[in-house]
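Participant: Need coordinates for the following:
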Amino acid sequence: MRIAFAGTPGFALPPLRALAARHAIVGVLTQPDRPAGRGRSLAASPVKLEALSRGWPVAQPASLKSAADRAPLAAWQPDLLVVVAYGLILPQAVLDLPRLGCINVHASLLPRWRGAAPIQRAILAGDAESGVAIMRMEAGLDTGPVYAMRKVAIGPRMTAGELHDRLADEGAATLLDVLAGLEAGTARATPQPATGVTRAAKIDKSEARIDWRKSAAEIDRQVRAFNPWPIAETRFKGEQLRVLRAHPAEAASAASGAPGSVLGVDAGGVAVACGEGVLTLETVQRPGRRPVSAFDFALAASLEGVVFG
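Facilitator: Down below sits the predicted model:
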């Protein structure tokens, strides 16, 4: 099967590599190079780097609204366009171009968490499971009928980064199953139910600020959902303190204090009072420094009487 691929970040690499092992990749669409790093120099996307290393044609239109923008895709004459975290809305002219249409690998159990940040939103909401859905694309955002879904349990310590990697691999395997069905003429897409729809809005960096008035369970989910980006943060003596790892204390401390108060320090971390319960900080990072254990941070900093804000 002649397949064109549209994707941008690392999440798209496992599906792309799985496709390449069994099908002909005739061309790759990816986002234009963007400024990155401290120097803000232009950097290619992970998908572009992969495509160039394999000698595949690459196109990087800023949009796909005009015929000129769509010309490379049309020239590739794909049977199918596979879309994984591409980042651009596909107009109807693109959806109609491949002989077999366009399919998408989406990181949620649709119709739950349609949108840009399904992985983070699932963890923030305390969902017990997530998964991947392979759907036939249509004009609506993540509204198309679904060929297949595969569930993945969200463990109590699982971060967004860990769930991201698991779903990318599951998406690759599920995608190959669907393509085999398309080739055999046995694949059937089922319309999404009208109930159970939720929206996964794009993450704003302001959401990473910890509000210690929330429960320890809520803040724990925030820490896990925002690792590796944008990283949950609080304030310590007027400067940013990033919290990379934490967990709710199994038993409430006998000590008490205002939300954000340091209740104690031991080898397991720094215990902090929350609106409900206690959160133990495990790994933290001060500006311009490497991540360290919260215990080592406490040894180097004076935490007596400290209230994180």
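
Participant: so what's Ala217 up against?
Facilitator: Going by C-beta atoms under 8 Å, 6 or more residues apart in numbering, Ala217 touches 126, 248, 276-277. Where C-beta positions appear, they are placed from N, C-alpha and C, glycine not excepted.

Participant: Turn those into TSV, including pLDDT and secondary structure.
Facilitator: What follows is the contacts of Ala217, written out as TSV (pLDDT from 0 to 100; DSSP: H, G, I helix; E, B strand; the rest coil):
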residue	pLDDT	secondary structure
Gly126	98	coil
Pro248	96	strand
Glu276	94	strand
Gly277	94	coil
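
Participant: Tell me the spacing between Val265 and Ala271.
Facilitator: 7 Å (C-beta to C-beta, to the nearest Å).

Participant: related to what we said a few turns ago, ok, so of the contacts of Ala217, who is nearest Ala208?
Facilitator: Lowest distance from Ala208 to the contacts of Ala217 (C-beta to C-beta) belongs to Gly126, with 17.7 Å.

Participant: so what's that closest one closest to, chain neighbours aside?
Facilitator: Arg221 (5.9 Å; C-beta to C-beta, 6 or more residues apart in numbering).

Participant: So that neighbour: helix, strand or coil?
Facilitator: State at Arg221, reduced to three classes by DSSP: H, G, I helix; E, B strand; the rest coil: helix.

Participant: quick one: which of Val265 and Ala271 has more around it?
Facilitator: Ala271 (21 against 18; other C-beta atoms under 10 Å).

Participant: Contacts only, for that one.
Facilitator: Ala271 touches 249, 253, 255, 262-265, 278-281, counting by C-beta under 8 Å, 6+ apart.

Participant: Equivalent analysis for Val270, please.
Facilitator: Contacts of Val270 (C-beta under 8 Å, 6+ apart): 262, 264, 280-281, 284, 294-295, 297-298, 303.

Participant: tell me the two of the residues you listed that are most distant?
Facilitator: Gly264 and Val284 (15.6 Å).

Participant: Compare neighbour counts for these two and give me the winner.
Facilitator: Val284 (26 against 17).

Participant: pLDDT score assigned to that one?
Facilitator: On pLDDT, Val284 comes in at 98.

Participant: Hmm, it is touching Phe295, no?
Facilitator: No. Counting by C-beta atoms under 8 Å, no contact exists between Val284 and Phe295, whose distance comes to 9.9 Å.

Participant: So Gln222 versus Ala62, what's the distance?
Facilitator: Taking C-beta to C-beta, one finds Gln222 at 34 Å from Ala62.

Participant: And these two? Which one has more around it.
Facilitator: Gln222 (23 against 9).

Participant: Now do the contacts for the more buried one.
Facilitator: 124, 207-208, 210, 214, 232 are the contacts of Gln222 under C-beta under 8 Å, 6+ apart.

Participant: redo that, cut-off 10 Å
Facilitator: Residues in contact with Gln222 (C-beta atoms under 10 Å, 6 or more residues apart in numbering) are 120, 123-124, 207-211, 214, 232, 243, 246, 279.

Participant: Would you mind listing which of these are buried?
Facilitator: 120, 123-124, 208, 210, 214, 232, 243, 246, 279 (16 or more other C-beta atoms under 10 Å).

Participant: Show me those that map onto helices.
Facilitator: Among the buried ones among the contacts of Gln222, the members falling in helices (DSSP state H) are 120, 123-124.

Participant: In its sheet, which strands sit next to the helix or strand of the chain with the lowest mean pLDDT, and in what direction?
Facilitator: Of all helical and strand segments in the chain, the minimum by mean pLDDT, DSSP states H and E falls on strand 34-36, at a mean of 90. Partners of strand 34-36 in the sheet, by DSSP bridges, are strand 41-43 (antiparallel).
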